[in-house]
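Q: Here is my input; please provide its structure:
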Amino acid sequence: MPVRRITLLFVSFDVLSFFVQSIGGGIDAGADTTQKMNEGKNVILVGLGLQLLTFGFFVIASIRFTFVLMTRLKDEPLPRETNWRLLLTIINLASLTILIRSVFRFIQFVLGVQNYLANHEVFFYCLDALLIFVVVVAYICVHPGMYLPYIGLKRGKEEFSKNVGRGLFSGMAQGKEVDTIPLDNRVGQDIERVSM
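A: A predicted model of the protein is given here:
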């Protein structure tokens, strides 16, 4: 799949699933019979299932990208000014965490209003609130804005925000020192060492 379509695809399906869930919620809220309530619940389940499926594909694509970088593209140069591997690790862990939460919420909704998961708050705190808290803290520490250029509508070129490199955890975003010897000179030095 072309890279330029990935964001459009995932965001479009996420918005679509949100609208489907909203329609189901509207049907459920205005229901005056059990049949209408079940119909609203089923529409919400379709929206949640679509969201879960789409996000699951995103997680698979993100983890696959990580493995491709570690295997087939391991010799490709990445920008060294920033710690891209850390950002990618945080994205993958956050995505898996949100996927676990989404599966829990889907199962909880399938079981209905009164069920074991809903009647025991420990599941809500451990599989919902705690997971979202972990993701929020992870993104506070490793904020994607430190890695991605700011692209404004009226800017002629990509620029980083003036706040990049500032903040309590900004040191984690910085990469390793860039080797100052140009590639051509390093190759020449290696040839001299081998010939001696």
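
Q: Run through the neighbouring helices and strands of the helix or strand that Leu52 is a member of.
A: According to DSSP states H and E, Leu52 maps onto helix 34-70. Here helix 34-70 touches helix 3-29, helix 84-111, going by 3 or more Cβ pairs under 8 Å, 6 or more residues apart in numbering; DSSP states H and E. Backbone N, C-alpha and C define where each C-beta goes, glycine included.

Q: Okay, buried residues for that helix please.
A: Going by neighbour count (16 or more other Cβ atoms under 10 Å), the buried part of helix 34-70 is 40-41, 43-45, 47-48, 50-52, 54-55, 58-59, 62, 65.

Q: just the angle between that helix and helix 3-29, please?
A: 160 degrees (axes from the mean of the first three to the mean of the last three Cα atoms, to 10 degrees).

Q: any idea how far helix 34-70 is from the chain center?
A: Offset of helix 34-70 from its chain centre (Cα atoms, centre = their mean, to the nearest Å): 14 Å.

Q: quick one, that helix and helix 84-111 angle?
A: 160 degrees.

Q: Neighbours of Asp94, how many?
A: Not Asp; residue 94 is Ala. The number of residues packed around Ala94, counting by other Cβ atoms under 10 Å, is 20.

Q: dump the residue contacts of it.
A: 135, 138-139 (Cβ atoms under 8 Å, 6 or more residues apart in numbering).

Q: Show me how this protein divides into domains.
A: 1-76, 81-196 (automatic domain parsing).

Q: Could you dump those domains into TSV with mean pLDDT added?
A: Below are the domains of the chain laid out as TSV (pLDDT from 0 to 100):
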stretch	mean pLDDT
domain 1-76	88
domain 81-196	74
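
Q: quick one on the thing from earlier: among the buried residues of helix 34-70, which pair sits farthest apart?
A: Gly40 and Phe65 (37.6 Å; Cβ to Cβ).

Q: my guess is Met37 meets Asp28, correct?
A: Yes. Contact criterion Cβ atoms under 8 Å: Met37 and Asp28 qualify, at 5.8 Å.

Q: And the closest residue to Gln51 other than its chain neighbours, how far from Met172?
A: Closest residue to Gln51 apart from its sequence neighbours, by Cβ to Cβ, 6 or more residues apart in numbering: Ser17 at 3.8 Å. To Met172, Ser17 is 33 Å away according to Cβ to Cβ, to the nearest Å.

Q: Please identify which of the two sits among more neighbours.
A: For Ser17 versus Met172, neighbours defined as other Cβ under 10 Å are more numerous around Ser17 (20 against 16).

Q: Could you measure from that one over to Leu45?
A: Using Cβ to Cβ, one obtains 11 Å as the distance from Ser17 to Leu45.

Q: No further questions, thank you.
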